[in-house]
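A.B. asks: Provide a 3D model corresponding to the input given below.
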Amino acid sequence: MKVHLVVAHPEKTSFNLALHQVAIDTFKNSDINTSVSNLYTDKFSAIAGHTDVLDFPEDETFNLAKAQRWAQKNKCFVDDITTEQQKLLSSDMLILQFPLWWWSYPAILKGWLDRVLSSGFAYGDGAELGRKKVMYSITTGGANNQEELEYYQQKIAGLYQDVFGFIGWQVMPAFIAHGVQQKTLQERTIILNDYEKHLLDQMG
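C.D. replies: Residues are numbered from 1 along each chain as shown. Sure thing, here's the model as predicted:
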């Protein structure tokens, strides 16, 4: 079993990074191999386009999905995409750690999805990457009542379905930490402990 951990938060002292560290420690203590991508530390580019592909024919009209399939066939992706794809190829499960911003992924993570889960690699006829397990660990600004909690659940379910449901991965229950900025240190510690239990449950 190997898990690839992707974290997308610009602040190294954030609660997202604390959750990310819990995952690293939990898997290490359970003798589960991991690989890690910290998108902000790595300065991962969120912009998908011409620069993703080396030597794309100049006389061809650029279409991203078409260019990705060409790069997959000819092994012509740039290094940052190739590196991330190799991490996925060698993993059984992907965990995405991120804050929910405007009900969606941070731009840097959306760019990772656009560039790494490419046509011909992650989806489409003859795609190289097999189906994996995927789990989200997410922080939100907070939910004040049951109606808001349900709204968050629907949004996150949509984020799962739009990407990983489409490519046929096994979606694992998300871990959601609401309103962590308003929590006490003790309450945050409880959330971190709960996350450890959640991870162990998914591995079971």
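
A.B. asks: So which elements touch the helix or strand bottoming out on mean pLDDT in the chain?
C.D. replies: When each helix and strand of the chain is scored by mean pLDDT, DSSP states H and E, helix 146-160 comes last, with a mean of 90. For helix 146-160, the packing partners by 3 or more C-beta pairs under 8 Å, 6 or more residues apart in numbering; DSSP states H and E come out as strand 133-140, strand 175-178. The way it works is simple: take the backbone N, C-alpha and C, and place the C-beta from them, glycine included.

A.B. asks: for the ones you listed, which one sits closest to residue 120?
C.D. replies: With C-beta to C-beta as the criterion, residue 120 lies closest to strand 133-140 of the helices and strands packed on helix 146-160, at 19.4 Å.

A.B. asks: all strands for this protein, in order.
C.D. replies: For the chain, applying DSSP state E gives strands covering 2-7, 33-38, 93-99, 133-140, 170-171, 175-178.

A.B. asks: Columns mean pLDDT on top of the helices and strands packed on helix 146-160, output as TSV?
C.D. replies: TSV is the format used below for the helices and strands packed on helix 146-160 (pLDDT from 0 to 100):
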stretch	mean pLDDT
strand 133-140	97
strand 175-178	95
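
A.B. asks: Would you reformat these as a markdown table and include mean neighbour count?
C.D. replies: Putting these into a markdown table (neighbours: other C-beta atoms under 10 Å) gives the following:
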| stretch | mean neighbour count |
| --- | --- |
| strand 133-140 | 21 |
| strand 175-178 | 20 |
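
A.B. asks: Which neighbouring elements make contact with the lengthiest helix in the chain?
C.D. replies: With secondary structure taken from DSSP state H, the chain has its longest helix at helix 185-203. For helix 185-203, the elements it packs on are helix 15-29, strand 133-140, strand 175-178, judged by 3+ C-beta pairs under 8 Å, 6+ apart.

A.B. asks: Please identify the buried residues of stretch 118-132?
C.D. replies: Buried positions in stretch 118-132, judged by neighbour count with 16 or more other C-beta atoms under 10 Å: 118, 119, 120, 121, 122, 123, 127, 129, 132.

A.B. asks: And the third one, how close does it get to residue 70?
C.D. replies: Okay, so that is residue 120. Relative to residue 70, residue 120 is positioned 8 Å away (C-beta to C-beta, to the nearest Å).

A.B. asks: can you check the fourth one too?
C.D. replies: In this structure, residue 121 and residue 70 are separated by 12 Å, where distance is defined by C-beta to C-beta.
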